[in-house]
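In: Turn this into a model:
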Amino acid sequence: MNLKAGLFQNQQLKLQMTQQLSQAITILQYSTMELNAYLEAKQLENPLIQLEPPKQDPLHQREPYTYKRSAGHRENTVDWYEYVSVPKRTLADALSVQMNLKSLTSLDRKVMEELIYSLDDNGYLRVDEDSFIQKHGLERIQLENYINRLQELEPAGIGARSLQECISLQLQRKADVPTLVTMVVDNHFQNFAEKKWKAIAKGLSVELKDIQKVADFIQQCNPRPGSKYSQHIAEYIIPELVVNVIDGHTVAVSLYDGTTVNVTYNEEYTEFLKDHPDQEVRSYLQEKEQDFQWLLQSLRQRKQTILKVGRMLAEKQKDFFLQGPSFIQPLTLKQVADEIDVHESTISRAVKGKYMQTPYGIFELKYFFTSAIKSVRLEDSEAASARTVKNELQKLIEEEDKKKPLSDQKIVHLLMDKGFDVSRRTIAKYRDQLGIASSTLRKRYE
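Out: Model (predicted):
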């Protein structure tokens, strides 16, 4: 083996992650709300950055957005101007106001406040009772009394430690609750929840249709009484792209800029940058100006990339925009990446958390990327998308006889008749993704 010492040249291709590139990647993957929060943070650290409210498009002001949930094909129209950012009371705030109207000792107030702040977002009490008793020097009966006080507050069901207790608390405040409903909830709740209704009917000497009436009555209760106060429930859904169909055959895509804050240059610092006698100050401002220019470039790139993706979706999924969700076609991130000559990871970041307003409602961009399902019809040369199969599955479930709901295997046979080659396991997986219960749990007894 010959080892030689010396200087040698070796040419390599190496991608270096610059600050500018890192910022561009970060900004691309942000949703509109995340981007606004990021820009507000950048404004605090860079005096040259000035933010202005979003430009309002009069056309869009006249036609508020609507959001149609795809699951179950149930249309839920929302006036998006109701989603203006207005401070909302938390569950703890609402309960504290009610508690302040009561006559309490300092110990009572301390214990009640801690119980209130031990509630989860759904209004359930999450506390280790033994530790709580020891901490406050209470007897168990005293703790139960405090919990009872909490459960007397509004909304009904607050402070429950289980779903059974939550439903029971709500039934106690309802008028004309059938005796059978109370008996089922108090004594047979586990079997009821697992839909082992035959055992309940036999034990109570009633018919299955009577248990069905119990279920219908219990549906009036709210299993998550605290959820309306939850900060995690009311999420903003703001479309980045708007699709319009022109003359029934042309699909036009445009950016909707009416929701993103605008970045402008703070002119007050222009003179400082030119003529300030302190070299350190000038260097600092020059650095911040470069940072400002990088930010503008990253924002431009973000818009360009999202618009390119939107236009490619309009081309590849034209049938969807013209005829509806059931006409969606198989499409992968790689296909779009190859078409617009970028890396697949760029497309992944561009569609993350982004939404598109379409004639059929608002859809997340990733909705349009779906795998293919093998078609068994010889005359059908096109692969069927997984989303199309899900749409067909939903239709079958909606149209089924609820007294004799379709089994997964029966659904497989029905879909094969329509030309879709899917397995029973796939149907079960799609059901789960769509939030559709099994045939046993969908069955009604009337």
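
In: switch to C-alpha atoms for all contacts and neighbour counts from now on
Out: Fine.

In: Please enumerate the strands of the stretch 251-400 of the chain.
Out: Counting by DSSP state E, counting those that start in this stretch, the segments of the stretch 251-400 of the chain that form strands are 262-265, 355-358, 361-364, 372-373, 384-385.

In: now for those, which one comes closest to residue 148?
Out: Minimum separation from residue 148 across these (Cα to Cα) falls at strand 361-364, 43.8 Å.

In: Tell me the strands beside that closest one, with direction?
Out: For strand 361-364, the paired strands and their directions (DSSP bridges) are strand 355-358 (antiparallel).

In: picking up where we left off before, looking at the strands of the stretch 251-400 of the chain, which is nearest to residue 215?
Out: strand 361-364 (32.6 Å).

In: tell me how far the closest one is from the chain's mean position?
Out: In terms of Cα atoms, centre = their mean, to the nearest Å, the centre of strand 361-364 is found 12 Å from the chain centre.

In: got the CA coordinates for that strand in PDB?
Out: Extracted C-alpha coordinates of strand 361-364, given in PDB (Å, rounded to 0.1, in the frame of the first residue of the first chain):
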ATOM      1  CA  GLY A 361     -66.500  24.000  -0.300                       C
ATOM      2  CA  ILE A 362     -63.100  24.400   1.300                       C
ATOM      3  CA  PHE A 363     -60.700  21.500   1.100                       C
ATOM      4  CA  GLU A 364     -57.200  21.000   2.500                       C
END
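
In: is it possible to export the strands of the stretch 251-400 of the chain to CSV including distance to residue 106 and mean neighbour count?
Out: Below are the strands of the stretch 251-400 of the chain laid out as CSV (distance: least, Cα to Cα, whole Å; neighbours: other Cα atoms under 10 Å):
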stretch, distance to residue 106, mean neighbour count
strand 262-265, 50, 16
strand 355-358, 50, 23
strand 361-364, 51, 19
strand 372-373, 65, 18
strand 384-385, 63, 24
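
In: Just send those strands back as CSV, with mean pLDDT too.
Out: Listed next are the strands of the stretch 251-400 of the chain as CSV, based on pLDDT from 0 to 100:
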stretch, mean pLDDT
strand 262-265, 86
strand 355-358, 90
strand 361-364, 88
strand 372-373, 66
strand 384-385, 68
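
In: Where do the helices of the stretch 151-300 of the chain begin and end?
Out: Under the criterion DSSP state H, counting those that start in this stretch, the stretch 151-300 of the chain carries helices at the ranges 163-172, 179-187, 189-193, 197-204, 208-218, 270-275, 279-316.

In: State the number of residues packed around residue 167.
Out: Taking other Cα atoms under 10 Å as the criterion, the count of residues near residue 167 is 25.

In: how about it, what does it touch?
Out: 157, 185, 218, 221-223 (Cα atoms under 8 Å, 6 or more residues apart in numbering).

In: cool, and residue 239?
Out: Contact partners of residue 239, counting by Cα under 8 Å, 6+ apart, are 256, 354-357, 362.

In: What's opposite it in the beta bridge?
Out: For residue 239, the beta-bridge partners are residue 355 (DSSP bridges).

In: any idea how far it is from residue 37?
Out: Plainly put, residue 239 is 17 Å away from residue 37 if you go by Cα to Cα, to the nearest Å.

In: same thing with residue 135?
Out: If you go by Cα to Cα, the gap between residue 135 and residue 37 works out to 40 Å.

In: Between the two, which has more neighbouring residues?
Out: Between residue 135 and residue 37, counted using other Cα under 10 Å, residue 37 has the larger neighbour count: 14 against 9.

In: got the buried residues for the helix or strand harbouring that one?
Out: Take DSSP states H and E as the rule and residue 37 turns out to sit in helix 32-45. Taking 16 or more other Cα atoms under 10 Å as the neighbour-count basis, helix 32-45 is seen to contain the buried residues 32-33, 35-36, 39-40, 42-43.

In: Turn these into JSON lines, including pLDDT and distance to residue 164.
Out: As requested, the buried residues of helix 32-45 are arranged in JSON lines below (pLDDT from 0 to 100; distance: Cα to Cα, whole Å):
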{"residue": "32", "pLDDT": "83", "distance to residue 164": "40"}
{"residue": "33", "pLDDT": "82", "distance to residue 164": "38"}
{"residue": "35", "pLDDT": "86", "distance to residue 164": "42"}
{"residue": "36", "pLDDT": "84", "distance to residue 164": "42"}
{"residue": "39", "pLDDT": "87", "distance to residue 164": "46"}
{"residue": "40", "pLDDT": "86", "distance to residue 164": "45"}
{"residue": "42", "pLDDT": "85", "distance to residue 164": "48"}
{"residue": "43", "pLDDT": "84", "distance to residue 164": "50"}
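
In: relative to helix 279-316, how tilted is the helix holding residue 37?
Out: With axes from the mean of the first three to the mean of the last three Cα atoms, to 10 degrees defining the directions, helix 32-45 sits at 170 degrees from helix 279-316.

In: Pull up the gap between the spatially closest residue to residue 199 that is not a sequence neighbour and residue 209, please.
Out: Once flanking residues are discounted, residue 199 sits nearest to residue 191: 7.8 Å by Cα to Cα, 6 or more residues apart in numbering. To residue 209, residue 191 is 16 Å away according to Cα to Cα.

In: where are the low-confidence patches of the stretch 251-400 of the chain?
Out: Counting by pLDDT under 70, the ranges of the stretch 251-400 of the chain that qualify are 257-259, 271-277, 372-384.

In: Perfect, that will be all.
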